[in-house]
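Engineer: the sequence and its predicted three-dimensional model are supplied below.
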Amino acid sequence: MKTITVLGNNSGRNAGDNAILGNLLDDFALKRDDLHFKIPTLNPAFLRRHFGHHRIQPMGLMPWNLALKNFGLPLYRAMTQTDLVLIVDNILFDRKFNNPFVNNLNMISRIAPLCRRKGIPLVLYNCSIGPVEREQGIRALRRVMAATPLVITRDDQTSGLVDRLIPDPPRVVQHADCALNTEPPSAERMAEIIRKEGLFTNSKGTIGLNVNAYIDDFNQTGSVDRAGFCRLIAATADRLIEQLGVDILFVVSQIMDRAITRECAAQSRHPDRVKVVGNHDYTYQELTGLLSRVAVHAGLRTHTLIFCAAVGTPMVNINAYPKSAGFMNSIGMGDWTLAFDGLTEARLTETIVRAFEQRQALSEQMKPVVAVEKEKARASIDMVLEVLG
């Protein structure tokens, strides 16, 4: 039996993080049946409930586990009593470096030299890195990279950052996000959800929207505040309803975004044409199934865009993260990215309308590219297993 530790945001609050973990476990299971996974988490019960069919060991990160999230005994044990450490998603950055409730890089970098001495490789898998801009963050990232033989990234920004900051860089391979391989649940389960929520009754179609609570983080010029952003999104939804005759489905993929989503929906002049669903009620597979039914989707959260790509739904990226733009470029949809700063109701509406009108062609154009990216994501497993031995 080999043990792999998986470090990521595995608390269950983010459908994108859940999809990364779920697809990672599924992909490894297709290759090996002798693997045991240690997974540090704030919510062991969630992992047991949703991923307990795999051989997993959730490791609590609460004070009674002798931890303050990333600071404490569980992370030390997870990284030093294992055969390999996988660092997934976008958890290596230097923002709030000394806050263990936010920052992972600080503590991982402190344990990484011990992993190196013990011969435990750190592999960055399905990852994005950054931002890393401060001297203490650069030093920490270099300690992690010194114990890392392989970086499997999903964007070219990460490759550039490693080349720029790491004097003796590890092998870097650009593959794809494993969440691209998310499969919707059965037709029976989808019909049950659609019936319960009263969705997709409009013959003109439904357009998906997704928003993010971190407005101040993206708004570099101060051109819009939270209230203004909610007005902009609600006005866009209304114009789409009135111009195209469609319904609107807000899709929440992170629990913390639920409040701002409801603020946006509540300001619509057509409340009977607007629905809200989210991962507080549904799994990442179920959200992907719902996104397969919308005509087009526009969102800020990267993984709502990835879920759409997985099922052939065209998308518009309201660009909140560099990784979102990188993903859109990787599937040939880079022209459908809108900068968050300077975003207007007119520009957002016009872009979504164009995508709606071209939806069939965009879907057909995207599918073969996404198929290649899905294979890249699966190929990452073989590279990790080669390191594991």
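Structural biologist: All right, it came through fine.

Engineer: where does this protein dip in pLDDT?
Structural biologist: 216-223 (pLDDT under 70).

Engineer: quickly list the domain ranges of it.
Structural biologist: 2-174, 181-372 (automatic domain parsing).

Engineer: among the ones you listed, which is nearest Ile381?
Structural biologist: Nearest to Ile381 among these is domain 2-174 (4.9 Å), distances taken as C-beta to C-beta. C-beta: built from backbone N, CA, C; applies to glycine.

Engineer: please state the offset of the closest one from the chain centre?
Structural biologist: 14 Å (C-alpha atoms, centre = their mean, to the nearest Å).

Engineer: show me what the host helix or strand of Glu375 is packed against.
Structural biologist: Per DSSP states H and E, Glu375 falls inside helix 359-388. Using 3 or more C-beta pairs under 8 Å, 6 or more residues apart in numbering; DSSP states H and E, the elements in contact with helix 359-388 are helix 15-31, strand 84-92, strand 122-129, strand 150-153, helix 302-310.

Engineer: any idea of the angle the last one forms with helix 359-388?
Structural biologist: What that stands for is helix 302-310. Interaxial angle of helix 302-310 relative to helix 359-388 (axes from the mean of the first three to the mean of the last three C-alpha atoms, to 10 degrees): 110 degrees.

Engineer: neighbouring strands for the helix or strand that helix 302-310 is followed by, and are they parallel or not?
Structural biologist: As assigned by DSSP H and E, the chain's next helix or strand after helix 302-310 is strand 315-319. Strand 315-319 has the following strand partners under DSSP bridges: strand 296-299 (parallel), strand 337-339 (parallel).

Engineer: and those, which is most packed in?
Structural biologist: strand 296-299 (a mean of 26; mean count of other C-beta atoms under 10 Å).

Engineer: before we move on, back to that, indicate which one of the strands paired with strand 315-319 is closest to Asp225.
Structural biologist: That would be, of those and by C-beta to C-beta, strand 337-339, which comes in at 17.1 Å.

Engineer: can you list contacts of the closest one?
Structural biologist: Val316, Asn317, Ile318, Asn319, Ser324, Ala325, Met328, Arg347, Leu348, Thr351 (C-beta atoms under 8 Å, 6 or more residues apart in numbering).

Engineer: again, only using 6 Å
Structural biologist: Asn317, Ile318, Asn319, Ala325, Met328, Thr351 (C-beta atoms under 6 Å, 6 or more residues apart in numbering).

Engineer: over to stretch 226-243?
Structural biologist: 207, 211, 215, 246, 248, 263-264, 267-270, 273, 345, 348-349.

Engineer: and which of these is nearest Val102?
Structural biologist: Checking the contacts of stretch 226-243 one by one against Val102 (C-beta to C-beta), the nearest turns out to be Ile215, at 17.7 Å.

Engineer: share the number of residues neighbouring the closest one, please.
Structural biologist: 19 (other C-beta atoms under 10 Å).

Engineer: that one: what's it in contact with?
Structural biologist: Ile215 touches Arg226, Phe229, counting by C-beta under 6 Å, 6+ apart.
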